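**Q** requesting a structural model of the entry that follows:
(one chain, ligands or ions: 1)
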Amino acid sequence: MKLYRFEHGPIQILAVPVLNDNFDYLICRAGKALLVDASEAAPVRRALEENGLELEQILLTHEHYDHIGGLSELALLCSGGATGVVGQVREIPTPGHTIDDTAYYFPEAAAVFTGDCLINGACGRLLGGTAEELYDSLQRIKVLPDETRVFGGHDYLEDNLRFGLSVEPDNAQIKARLELYRTDPAAAIFSTLGEEKQSNVFLRAKTAGEFAALRSAKDRF
Ligand SMILES: [Fe+2]
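**A** Numbering: from 1, shown residues only. This next block holds a predicted model:
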């Protein structure tokens, strides 16, 4: 997939495809950029150069290698500036995938970066935290405004939606999103929270127990 650009007023978000199916994100305004996750240096460096961007800061969602493998190289490019060009950043603790995940919400950009907590169309595996923790973390994301665009750590959308359809075979929103993925993958992946609530079965679980059952079913899917 090519680099995907999302505009929100003066703020631009670049989704940089890295490794096999990860995304790193550049949130930019007026030539300055903040990076969320540092999976692989070369594609991020290229995106910075091609767009004439100065990297100011790096935020990490969690410590798995496929999200930090490019950190030492990319940190050298960092000016360390903290001018707040992308406005206020709200850190949301989202344990569950690991014991120490963080999501980043940028109200001015109407965007949330969820790493492997909310992976578009589903959620991450339990690799350190508990189902209850991950369920609670998703509830903290769910309360953000519906128009918030969700940027997760991977493109697993097709597999995630196929699982969703196995749970809710008549869900028209899941079917439509799967169709859209074939013609415009970026539009299907980077949905709004309102859309996620309709087509992501993990966000539709009403209790931690229901969520835990879904999570273990997905592990075997
Ligand atoms: Fe991870």
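
**Q** all strands for this structure, in order.
**A** 4-8, 11-18, 22-29, 32-36, 54-59, 90-93, 102-106, 111-115, 149-152 (DSSP state E).

**Q** residues in contact with the spatially most central residue of the chain?
**A** Centroid check for the chain by Cα atoms, centre = their mean gives residue 152 as the closest residue, at 1.4 Å. Counting by Cβ atoms under 8 Å, 6 or more residues apart in numbering, residue 152 touches 23, 113, 114, 115, 116, 117, 118, 119, 120, 189. The C-beta positions use only the backbone N, C-alpha and C, and glycine is treated the same way.

**Q** partner residues bridging it?
**A** In this entry, residue 152 is beta-bridged to residue 115, by DSSP bridges.

**Q** didn't residue 191 look like it was pressed against residue 177?
**A** Yes. Applying Cβ atoms under 8 Å, one finds residue 191 in contact with residue 177, separated by 7.1 Å.

**Q** circling back: among the strands of the chain, which is nearest the ion?
**A** strand 111-115 (6.9 Å; Cβ to the ion).

**Q** give the burial count for residue 179, as a bare number.
**A** Using other Cβ atoms under 10 Å, residue 179 has 12 neighbouring residues.

**Q** how near is it to the ion?
**A** Distance of residue 179 to the ion, given as Cβ to the ion, to the nearest Å: 28 Å.

**Q** which phi and psi does residue 96 have?
**A** phi 140, psi -60 (degrees, to the nearest 10).

**Q** what sits against it?
**A** By Cβ under 8 Å, 6+ apart, the neighbours of residue 96 are 117, 123-124, 126, 129-131, 133-138.

**Q** cool, and residue 130?
**A** Residue 130 makes contact with residue 96 under the criterion Cβ under 8 Å, 6+ apart.

**Q** ok, now residue 115?
**A** By Cβ under 8 Å, 6+ apart, the contact list for residue 115 reads 37, 61, 62, 67, 94, 97, 101, 102, 103, 124, 152, 153.

**Q** mind checking which of these are buried?
**A** When these are checked for burial by 16 or more other Cβ atoms under 10 Å, the buried set is 37, 61, 62, 67, 94, 97, 101, 102, 103, 124, 152, 153.

**Q** the last one reaches residue 25, doesn't it?
**A** In other words, residue 153. No. Using Cβ under 8 Å, residue 153 is not in contact with residue 25, being 9.4 Å away.

**Q** between the two, which contacts overlap?
**A** residue 37.

**Q** quick check: residue 87 vs the ion, distance?
**A** Taking Cβ to the ion, one finds residue 87 at 27 Å from the ion.

**Q** nearest residue to that residue other than its sequence neighbours?
**A** Ranked by Cβ to Cβ, 6 or more residues apart in numbering and with sequence neighbours excluded, the top spatial neighbour of residue 87 is residue 108, at 3.5 Å.

**Q** again, but for residue 23
**A** residue 15 (5.0 Å).

**Q** and the chain, which residues reach the ion?
**A** 64, 116 (Cβ under 5 Å from the ion).

**Q** please enumerate the helices of the chain.
**A** 41-50, 65-68, 71-75, 131-142, 157-167, 172-183, 185-189, 193-199, 201-204, 208-219 (DSSP state H).

**Q** buried deepest among those, which one?
**A** Among the helices of the chain, ranked by average contacts under mean count of other Cβ atoms under 10 Å, first place goes to helix 201-204 (a mean of 21).

**Q** what's it packed up against?
**A** Helices and strands touching helix 201-204, by 3 or more Cβ pairs under 8 Å, 6 or more residues apart in numbering; DSSP states H and E, are helix 131-142, helix 157-167, helix 193-199, helix 208-219.
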